[in-house]
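A.B. asks: dropping the sequence and predicted coords here.
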Amino acid sequence: MSGKSLLLKVILLGDGGVGKSSLMNRYVTNKFDSQAFHTIGVEFLNRDLEVDGRFVTLQIWDTAGQERFKSLRTPFYRGADCCLLTFSVDDRQSFENLGNWQKEFIYYADVKDPEHFPFVVLGNKVDKEDRQVTTEEAHAWCMENGDYPYLETSAKDDTNVTVAFEEAVRQVLAVEEQLEHCMLGHTIDLNSGSKAGSSCC
Ligand SMILES: Nc1nc2c(ncn2[C@@H]2O[C@H](COP(=O)(O)OP(=O)(O)OP(=O)(O)O)[C@@H](O)[C@H]2O)c(=O)[nH]1
């Protein structure tokens, strides 16, 4: 891959066992382990990609979802450009915990402007037949909590895994573009002597 690459840090959060490591490994190594062990602390892998003409190096941080590893994972939230809130569609509790994960991230990442931070929600394990969360419920949660994009994935079947990580990049680029637009707006406003920052920021 040629051209200057943008380094983006995305972080996978969600209950233990929802499939965060499996999603990362499927995306980066195209492998799936049906006997995957729980993560202890955090791990990360990089993958280069091109999205809408932009070259990106995606640094994917996979965290341990089990409560007992909280103090090991939270120091790594800072500097994340996007957070992938993950649950498993066959595990109702993991869906109901999404709000706690969102709050934990905002607090430990010290997000200054949570309303505009790019979250993407993933409902994993859609290959399973014993669903406990419907697509409509998940969409509704996303609408109510920040109008986040929602994708249903399967690390096992490789459903929507690439799409999910590309969506994360698109969300970050969109926020970045909006910021640039706003800064340009300020410059123009200041130069013309009109009131600055009146529109989008
Ligand atoms: N059927 C199915 N099983 C999956 C899928 N993704 C992960 N699994 C299985 O679910 C179990 C847990 O997967 P992990 O990737 O370790 O889950 P995790 O969220 O990283 O778990 P922690 O490290 O404890 O936070 C493993 O047995 C995986 O093989 C999927 O899409 N479909």
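C.D. replies: Arrived safely, thanks for sending. Numbers count the residues shown, from 1 in each chain.

A.B. asks: so where is the protein shaky, pLDDT-wise?
C.D. replies: 1-3, 184-201 (pLDDT under 70).

A.B. asks: list the buried ones in stretch 150-168?
C.D. replies: Within stretch 150-168, the residues that count as buried by 16 or more other Cβ atoms under 10 Å are 150-156, 159-161, 164-168. Every C-beta, even on glycine, is put in place using the N, C-alpha and C of the backbone.

A.B. asks: packing partners of the longest helix along the chain?
C.D. replies: With secondary structure taken from DSSP state H, the chain has its longest helix at helix 161-192. Packing partners of helix 161-192 (3 or more Cβ pairs under 8 Å, 6 or more residues apart in numbering; DSSP states H and E): strand 6-13, helix 20-29, strand 42-51, strand 54-63, strand 82-88, strand 119-124, strand 150-152.

A.B. asks: same thing but at 6 Å, please
C.D. replies: helix 20-29, strand 82-88, strand 119-124 (3 or more Cβ pairs under 6 Å, 6 or more residues apart in numbering; DSSP states H and E).

A.B. asks: of all the ones you listed, which one comes closest to L45?
C.D. replies: helix 20-29 (4.4 Å; Cβ to Cβ).

A.B. asks: what helices or strands is that closest one leaning on?
C.D. replies: Judged by 3+ Cβ pairs under 6 Å, 6+ apart, helix 20-29 is in contact with strand 42-51, strand 54-63, helix 161-192.

A.B. asks: so which of these gets nearest the ligand?
C.D. replies: strand 54-63 (6.2 Å; Cβ to the nearest ligand atom).

A.B. asks: gap between the next helix or strand after that closest one and the chain center?
C.D. replies: Per DSSP states H and E, the first helix or strand lying C-terminal to strand 54-63 is helix 70-73. On the basis of Cα atoms, centre = their mean, to the nearest Å, helix 70-73 sits 18 Å off its chain's mean C-alpha point.
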